[in-house]
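Participant: structure for the following, please:
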Amino acid sequence: MANLPYAKLLAMALLVVTALPSCLQQSSHDVPLARVQAGEDIPAEPLRNDGNAKQGFDVYHDYLVIGAGPSGLQMGFFLERAGRDYLILERGDGAGTFYKQYPRHRKLISINKRNTGKTNKEFNWRHDWNSLLSDDESLELRHYSKEFFPKADILVQYLHDYATKLKLKVQYNTNVQGVSRVANHTAIAKHLFILRDQTNRTYACQTLIVATGIWVPNTPNFRGQEHTVGYEDMSLDPEDYEGKTVLILGRGNSAFETADHIMHATNLIHMFARSRVRLSWATHYVGDLRAVNNGLLDTYQLKSLDAVLEANVEKMRVVNISGKLYLDVYDDDEEVPNEDEIDSPSNMPPKIPIDNFAAREPYDIIIRALGFKFDDSIFDKSTAVEMGRNRKKKYPTIKHNYESSNVPGMFFAGTCTHSLDFRKSAGGFIHGFRYTARAMFHLLEWRNHGVPWPSVSLPTTQLLSTIVKRLNEGSGFYQMFSVLVDIIILKNGGKTFTYLEEFPVRLLPALPKVAGHNGEQFIVVALEYGKNFSGPGNDIFRSDRATGEPSDAHNSNFLHPVFYHYEKLPTEADMLARPEKWILPRPNHLHHTVEDFLTSFTAPKSHILPIRRFLETSLDTDLRNFFAESCFKMALKHRSVPQECQEHYLQGQGLIPTAPIHTHAVKSGLVM
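Facilitator: Residues are numbered from 1 along each chain as shown. Below is the predicted model of the structure:
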């Protein structure tokens with residue numbers, strides 16, 4: 001090489017560069033490509049006065065993940081297994097920093113169901129709410145604790161082992177304090193993200209994955225807030241509540257968890273919040289109040305001094321009179337007055353509106369347990385994320401491919417993505433977002449590397465058995481019901497199909513664009529609850545709460561399979577015009593499989609036969625299985641035979657005659 005002419009060397013170098021994918025070719029301001037790909041340290045250009053990076057940076061990786069909690073580690077596993085260039089940045093000194101402090105009383109409410117009576121691994125994932133997906137069976141939480149509701153410290157140890165055993169690339173003690181972006185026409189999103197940590201070290205990437213969770217305590221602004229204590233700072237010593245009268249602001253699991261922890265010591269506990277109590281077993285939403293935490297409801301309804309009230313926390317004033325805390329509560333349409341507008345003397349309790357006002361007695365301690373919100377302080381103007389509205393205001397707004405609604409190339413994983421299925425499914429919790437993280441990984445594989453969504457292609461004669469197997473063991477669309485679905489793509493005139501598992505249902509119109517698959521017709525397989533099963537005024541334990549009649553399957557209330565057949569992909573306009581409470585537009589054919597007490601859809605007449613007939617109607621074919629004798633008779637009597645006979649008995653060739661039979665047929669004029 002050293003003896004080659006300079007011009008020839010230059011030509012060879014240009015040939016190598018131009019052969020690279022456009023997303024990896026250099027622009028005039030890029031650092032040397034080999035060093036960028038390797039993720040080596042690169043001298044950075046000076047930072048601007050505002051602390052944001054210019055075109056230079058210290059470290060480059062194709063992917064940067066912020067946060068080594070459950071969702072960040074889950075993304076790390078998929079990126080590691082695929083051999084992608086990535087780095088996880090974690091502010092704490094170990095994995096799962098959030099769980100080192102929360103929940104404050106150290107008991108998780110995610111179930112650890114160690115035994116199901118089955119050995120099917122995929123089925124058992126349906127009932128494991130704490131483990132992350134991996135190829136290592138030792139990394140399941142059932143090996144760490146026998147408790148049904150494990151201690152939070154167990155989860156911290158589990159996450160540490162997960163990161164260590166799988167050799168995930170995690171950099172701890174790295175507090176990302178700034179996220180900006182700079183133009184780069186060779187990047188997929190036409191810009192690079194620049195991250196800055198507490199030491200002003202900078203990191204660059206093309207794809208940024210934010211997996212920080214929802215961890216900032218929600219602290220509403222109300223007068224006298226300084227006299228209250230937050231869930232994050234409250235004392236955990238029950239002695240500090242001995243003989244105290246306590247008010248808890250909040251209505252979620254953290255509020256009730258706190259009440260359960262101290263109620264044996266207090267005089268009484270009142271609980272204020274704007275919304276009514278929602279019970280998870282009534283709503284099917286695991287973020288609502290769980291039975292494990294609802295002891296206060298017993299003491300309230302069984303006349304033991306404790307009580308639950310509805311009030312707008314932001315429309316109240318807390319007054320401290322000699323260590324006693326009084327409440328002044330206002331209606332939603334009233335303005336809370338300033339201190340100089342108050343009629344009562346500052347050393348006197350506020351005037352009560354009526355003499356039997358519920359909160360007329362003072363409290364010794366007021367605890368704020370109002371949940372958490374997303375930390376958007378790390379983003380500068382170029383990367384500022386849009387936040388949701390109303391009940392979703394604590395989440396960033398994202399598209400259905402988990403990408404920021406306003407910053408291309410920035411994706412979210414874990415609890416951050418829960419705005420897509422808030423109060424609908426389990427995307428805000430480990431047993432849900434481990435699957436949405438996998439879905440996002442598949443989407444990124446196609447977007448960034450041209451790798452289609454994983455699939456299996458089979459002859460249609462195997463379609464029914466494939467579906468039945470998935471219905472009875474698939475965990476992703478079981479946990480993320482109504483959000484992740486299986487897609488069946490029919491091809492070759494319905495003779496073959498391609499099966500995609502756990503695809504985001506709202507991306508169905510964009511299937512060819514985001515997953516790299518297309519076809520002639522489509523069947524969507526979803527698991528759904530009945531549309532009117534729960535809600536205010538509904539008794540979910542009513543005697544007619546379930547049906548076992550296949551002809552009444554559309555009235556099933558519990559989780560059950562629903563099939564949608566489309567002769568062509570629905571459009572985005574179709575999705576927006578879908579009927580209320582439907583997850584998809586009206587299909588060409590629709591089928592509900594009747595709910596089952598055991599959630600086992602294997603009954604020959606009640607489950608499998610109706611599914612087969614739905615498929616036969618949709619495909620306009622016979623999917624029955626036949627003995628060889630039946631196939632032989634049909635081949636003699638009919639010009640066409642069912643696909644099962646054609647593929648297996650005749651092997652696609654038709655009847656093969658012996659020489660004498662063929663000679664006789666020619667002489668008789670039956671064949672030419």
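
Participant: and Ser304, backbone torsions?
Facilitator: Phi and psi for Ser304, reported as degrees, to the nearest 10, are phi -120, psi 40.

Participant: skipping its backbone neighbours, what lies nearest it in space?
Facilitator: Using CB to CB, 6 or more residues apart in numbering and skipping residues adjacent in sequence, the residue nearest Ser304 is Asp298, 7.8 Å away. The way it works is simple: take the backbone N, C-alpha and C, and place the C-beta from them, glycine included.

Participant: could you check how far that neighbour is from Asp260?
Facilitator: Counting by CB to CB, to the nearest Å, the gap from Asp298 to Asp260 is 10 Å.

Participant: Leu609: how many residues sit nearby?
Facilitator: 12 (other CB atoms under 10 Å).

Participant: can you measure across stretch 497-515, start residue to end residue?
Facilitator: 16 Å (CA to CA, to the nearest Å).

Participant: go through that stretch and flag the buried ones.
Facilitator: For stretch 497-515, burial by neighbour count (16 or more other CB atoms under 10 Å) applies to 497-511, 514-515.

Participant: just the mean pLDDT for that stretch, thanks.
Facilitator: Confidence over stretch 497-515, taken as the mean pLDDT, stands at 98.

Participant: equivalent analysis for stretch 110-123, please.
Facilitator: So the average pLDDT for stretch 110-123 ends up being 95.

Participant: residues in contact with it?
Facilitator: Contacting residues not belonging to stretch 110-123 are listed as 124, 127-130, 137, 141-142, 145-150, 429-431, 472-475 [CB atoms under 8 Å, 6 or more residues apart in numbering].

Participant: please list all residues in contact with the nearest residue to Lys605 once chain neighbours are set aside.
Facilitator: If you skip the residues right next to it in sequence, Lys605 has Pro550 as its closest partner in space, 7.5 Å away by CB to CB, 6+ apart. When contacts are counted by CB under 8 Å, 6+ apart, Pro550 is found next to 594, 605-607, 610.

Participant: try it again at 7 Å.
Facilitator: Under the criterion of CB atoms under 7 Å, 6 or more residues apart in numbering, the neighbours of Pro550 are 594, 606, 610.

Participant: number of nearby residues for the first one?
Facilitator: In other words, Val594. Neighbour count for Val594, taken as other CB under 10 Å: 23.

Participant: next one: Glu239
Facilitator: 7.

Participant: if I look at it, how far off is Met263?
Facilitator: 14 Å.

Participant: go on, Asn124?
Facilitator: Relative to Met263, Asn124 is positioned 36 Å away (CB to CB).

Participant: what of Leu569?
Facilitator: In this structure, Leu569 and Met263 are 55 Å apart, going by CB to CB.

Participant: kindly report the same for Tyr649.
Facilitator: Summarising the geometry, the distance separating Tyr649 from Met263, computed by CB to CB, is 71 Å.

Participant: list the buried ones in the longest helix along the chain?
Facilitator: Using DSSP state H to define each element, the chain has its longest helix at helix 430-449. Within helix 430-449, the residues scored as buried using 16+ other CB under 10 Å are 430-448.

Participant: and what of stretch 401-408?
Facilitator: For stretch 401-408, the neighbour count (16+ other CB under 10 Å) marks 401-404, 407 as buried.

Participant: again with stretch 91-107
Facilitator: 91-92, 94-99, 102-107.

Participant: quick one on the thing from earlier: just give me the closest of the buried residues of stretch 401-408 to Leu79.
Facilitator: Minimum separation from Leu79 among these (CB to CB) is found for Tyr402, which lies at 14.5 Å.

Participant: all helices of the stretch 401-550 of the chain, in order?
Facilitator: Read by DSSP state H, counting those that start in this stretch, the stretch 401-550 of the chain holds these helices, from start to end of the chain: 430-449, 463-473, 476-479, 511-515.

Participant: need these in a markdown table with distance to Thr228, can you?
Facilitator: Supplementary listing: those in a markdown table, determined by distance: least, CB to CB, whole Å:
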| stretch | distance to Thr228 |
| --- | --- |
| helix 430-449 | 31 |
| helix 463-473 | 49 |
| helix 476-479 | 37 |
| helix 511-515 | 47 |
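
Participant: how are the helices of the stretch 101-250 of the chain distributed by residue range?
Facilitator: Counting by DSSP H, counting those that start in this stretch, the helices of the stretch 101-250 of the chain are 121-124, 152-165.

Participant: among the ones you listed, show me which one is buried the most.
Facilitator: The densest packing among the helices of the stretch 101-250 of the chain, expressed as mean neighbour count by mean count of other CB atoms under 10 Å, is seen in helix 152-165 with a mean of 19.

Participant: returning to what we had before: for PyMOL, what selects the buried ones among the contacts of stretch 110-123?
Facilitator: Here is the PyMOL command that selects only those of the contacts of stretch 110-123 that count as buried (16+ other CB under 10 Å):
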select buried, resi 124+127+128+129+130+141+142+145+149+150+429+430+431+472+473+474+475
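
Participant: please name the residues that touch the residue nearest to Asp620 when sequence neighbours are not counted.
Facilitator: Beyond its immediate neighbours in the sequence, the residue positioned closest to Asp620 (CB to CB, 6+ apart) is Gly494, lying 7.3 Å away. Each residue near Gly494 by CB under 7 Å, 6+ apart is listed here: 460, 619, 621.

Participant: one more time with 8 Å
Facilitator: Residues touching Gly494, when contacts are defined by CB under 8 Å, 6+ apart, comprise 460, 520-521, 619-621.

Participant: quick one: which of those is most hemmed in?
Facilitator: Highest neighbour count within these, by other CB under 10 Å: Thr460, with 23 neighbours.

Participant: neighbour-wise, which of Leu569 and Met263 wins?
Facilitator: Just comparing Leu569 and Met263: by other CB under 10 Å the higher neighbour count belongs to Met263, 21 against 16.

Participant: give me the mean pLDDT for stretch 61-72.
Facilitator: Here the average pLDDT along stretch 61-72 is 98.

Participant: can I have it written out in CSV, keeping just the CAs?
Facilitator: Extracted as CSV, the C-alpha positions of stretch 61-72 are listed here (Å, rounded to 0.1, in the frame of the first residue of the first chain):
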residue,chain,number,x,y,z
HIS,A,61,-22.7,6.7,20.1
ASP,A,62,-25.4,5.9,17.6
TYR,A,63,-27.8,5.6,20.5
LEU,A,64,-27.8,7.3,23.9
VAL,A,65,-30.3,6.2,26.6
ILE,A,66,-30.9,8.5,29.5
GLY,A,67,-31.7,6.5,32.6
ALA,A,68,-30.8,3.0,33.9
GLY,A,69,-34.1,2.2,35.4
PRO,A,70,-36.2,-0.8,34.2
SER,A,71,-37.1,0.8,30.8
GLY,A,72,-33.5,2.0,30.1
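
Participant: so how far is that stretch off the chain centroid?
Facilitator: Between the centre of stretch 61-72 and the centre of its chain there are 16 Å (CA atoms, centre = their mean, to the nearest Å).

Participant: quick check, the residue nearest to Ser304 in a helix?
Facilitator: Yes. If the criterion is DSSP: H, G, I helix; E, B strand; the rest coil, then Asp298 is within a helix.

Participant: can you pull the pLDDT of it?
Facilitator: The score at Asp298 is 94. That number is its pLDDT.

Participant: okay, now it: neighbour count?
Facilitator: Applying other CB under 10 Å, we find 11 residues neighbouring Asp298.

Participant: from Ser482, how far out is it?
Facilitator: For Asp298, the distance to Ser482 under the criterion CB to CB works out to 32 Å.

Participant: quick one, strands of the stretch 351-500 of the chain?
Facilitator: 365-368, 372-373, 410-412, 455-459, 484-491, 496-504 (DSSP state E, counting those that start in this stretch).

Participant: to His554, which of those lies closest?
Facilitator: If you check each of the strands of the stretch 351-500 of the chain against His554 by CB to CB, strand 484-491 wins as the nearest, at 17.9 Å.

Participant: I'd like the next helix or strand past the helix or strand of the chain with the lowest mean pLDDT.
Facilitator: Least confident helix or strand of the chain, by mean pLDDT, DSSP states H and E, is helix 33-38 with a mean of 37. Tracing the chain C-terminally past helix 33-38 and defining elements by DSSP states H and E, one meets strand 59-60 next.
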